[in-house]
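Asker: take a look and give me a structure for this.
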Amino acid sequence: MFWKNKKVLVTGGAGFIGSHVAEYYVKRDNEVVSFDNLSRAKLLNKEIDPLYNWKYLENHYPNIQLIKGDIRDFQKLKEAANGADVIVHCAAQTAVTTSVQDPRTDFNINALGTFNVLETARQSSKSPTVIYCSTNKVYGANVNKIKIIERKLRYEFQEIFEKGIPETLSTNLCEHTPYGCSKLTGELYMQDYAHFHDLKTGIFRMSCVYGPRQLGVEDQGWVAWFTIATILGKPITIYGDGKQVRDVLFVTDLINAFDSFVRSELSYGVFNVGGGPQSTLSVLELLDILEGLTGKRSKITFTHWRSGDQRVYISDVTNAKEKLDWTPTVCPKEGLREVVKWVEENKSIFLEKKSSNENLGDSINS
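Answerer: Residues are numbered from 1 along each chain as shown. Alright, predicted model coming up:
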């Protein structure tokens, strides 16, 4: 049964995941507030349209309330959350490279911003359920300590981790990058607020989420970026040898996991959420699939590995399957067809030169 007639606040509601969350809940007869400061392009220093998903929601769902606001502004966030039954916290600084270049901004958004979300929930008379978009980067370089096997087009974990990374893998004593640190900080506060303040919190350590309306760039959203570059004939730089592997998750499957937790009797949970061992891609394999779907292949350049990059990351989704009665349903090739179709139909948004977005607020994205 659908969860409806509730109020849902989506932070980062103009972003890829946030806009899909907003769409999901408004289509099921809920009051939805989308809260975003519209500055992903400025933060990533990329010529992408920060208003694309904002306009999409405005044009298709005029009953969604759109509020331009920053999660670092506690009072404005608190006003937007007034009466909310659920807060889906998607707003974040999401690029590892940006976190290295500007760690203060990364911390203020991901750590302080998340603290503000929790304080908003704690002070609310409704005690809303909080969903937190965490990341596999909380495991840091511990993932790279796992022995791997090299194949022709990919790396693989040795058999001991054939199901993928469990939630019990240590997050301690390793390099994380500032992004991994700030997201882990937010996650730890989420866990403690669940225990000390009786907040229902669902923490989702996401692997690579992809789907239509993802304005991927080189630093963030690699599946979408490779698709966009392939279709537009743009060159692609591969950091490393291209054999690095991730499990990929179609965005609708992710939101079904969120909603399963919202509707569950669970008061708290930490979940690795990705496509799992059945939905994995290496960079080289993705390029081959895209060539098969589009008949095109970009010029490829290889360069050095990036700091903190994981050779293999695959989510063990057993916990989510057992506790949320959830399983991914969209296979990579099916999902990629949807992304290719969307990019083909919306080439103009990537070809047009965007403004510098200097007046769109301080740095935060979803």
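Asker: state the distance from residue 169 to residue 292.
Answerer: 34 Å (C-beta to C-beta, to the nearest Å). The way it works is simple: take the backbone N, C-alpha and C, and place the C-beta from them, glycine included.
Asker: and for residue 240?
Answerer: To residue 292, residue 240 is 23 Å away according to C-beta to C-beta.
Asker: out of those two, which sits in the busier spot?
Answerer: residue 240 (15 against 11; other C-beta atoms under 10 Å).
Asker: what's the more buried one sitting at in phi/psi?
Answerer: Main-chain torsions, residue 240, degrees, to the nearest 10: phi 110, psi -150.
Asker: same question for residue 15.
Answerer: According to degrees, to the nearest 10, residue 15 has phi -90, psi -180.
Asker: my guess is residue 230 contacts residue 299, does it?
Answerer: No: contact criterion C-beta atoms under 8 Å: residue 230 and residue 299 do not qualify, at 10.6 Å.
Asker: what segments of this protein are helices?
Answerer: 16-26, 40-44, 52-60, 74-81, 96-101, 103-107, 113-123, 177-196, 222-232, 251-263, 283-294, 318-324, 332-345, 348-351 (DSSP state H).
Asker: need the winner for burial among those.
Answerer: helix 16-26 (a mean of 26; mean count of other C-beta atoms under 10 Å).
Asker: and the end-to-end length of stretch 91-108?
Answerer: 12 Å (C-alpha to C-alpha, to the nearest Å).
Asker: once you drop chain neighbours, what's closest to residue 166?
Answerer: residue 316 (4.5 Å; C-beta to C-beta, 6 or more residues apart in numbering).
Asker: tell me the pLDDT of the nearest residue to residue 126 once chain neighbours are set aside.
Answerer: Ranked by C-beta to C-beta, 6+ apart and with sequence neighbours excluded, the top spatial neighbour of residue 126 is residue 85, at 6.1 Å. Residue 85 is assigned a predicted lDDT (pLDDT) of 98.
Asker: try the one 10 residues further on
Answerer: Per-residue confidence for residue 95 comes out at a pLDDT of 88.
Asker: residues touching it, list them.
Answerer: 43, 44, 179, 219, 220 (C-beta atoms under 8 Å, 6 or more residues apart in numbering).
Asker: am I right that residue 32 is in contact with residue 26?
Answerer: Yes: here residue 32 reaches residue 26: they are 4.4 Å apart, a contact under C-beta under 8 Å.
Asker: intersection of neighbour lists for those two?
Answerer: Common neighbours of residue 32 and residue 26 (C-beta under 8 Å, 6+ apart) are 61, 63, 64.
Asker: closest to residue 350 among those?
Answerer: Taking C-beta to C-beta as the measure, residue 350 sits nearest to residue 61 out of the shared contacts of residue 32 and residue 26, at 23.9 Å.
Asker: and the closest residue to that closest one other than its chain neighbours, how far from residue 111?
Answerer: Excluding the flanking residues, the one nearest residue 61 by C-beta to C-beta, 6+ apart is residue 26, at 4.9 Å. Taking C-beta to C-beta as the measure, residue 26 falls 30 Å from residue 111.
Asker: returning to what we had before: what sits against the residue nearest to residue 166?
Answerer: 161, 163, 164, 165, 166, 167, 272, 276.
Asker: ok, so of these, who is nearest residue 193?
Answerer: residue 167 (18.3 Å).
Asker: does that closest one touch residue 273 like I think?
Answerer: No: the pair residue 167 and residue 273 does not pass the contact test of C-beta under 8 Å, sitting 10.2 Å apart.
Asker: shared neighbours, these two?
Answerer: In contact with both residue 167 and residue 273: residue 205, using C-beta under 8 Å, 6+ apart.
Asker: what sits against the residue nearest to residue 61?
Answerer: Residue 26 neighbours (C-beta under 8 Å, 6+ apart): 32, 61, 63, 64.
Asker: tabulate the residues you listed (TSV), appending distance to residue 305, pLDDT and neighbour count.
Answerer: Listed next are these as TSV, based on distance: C-beta to C-beta, whole Å; pLDDT from 0 to 100; neighbours: other C-beta atoms under 10 Å:
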residue	distance to residue 305	pLDDT	neighbour count
32	41	98	27
61	42	98	16
63	47	97	10
64	41	98	22
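Asker: please pull out the lowest mean pLDDT helix or strand from the protein.
Answerer: Least confident helix or strand, the chain: helix 40-44 with a mean of 70, by mean pLDDT, DSSP states H and E.
Asker: quick check: which ranges of the chain have low pLDDT?
Answerer: 1-3, 41, 44, 352-366 (pLDDT under 70).
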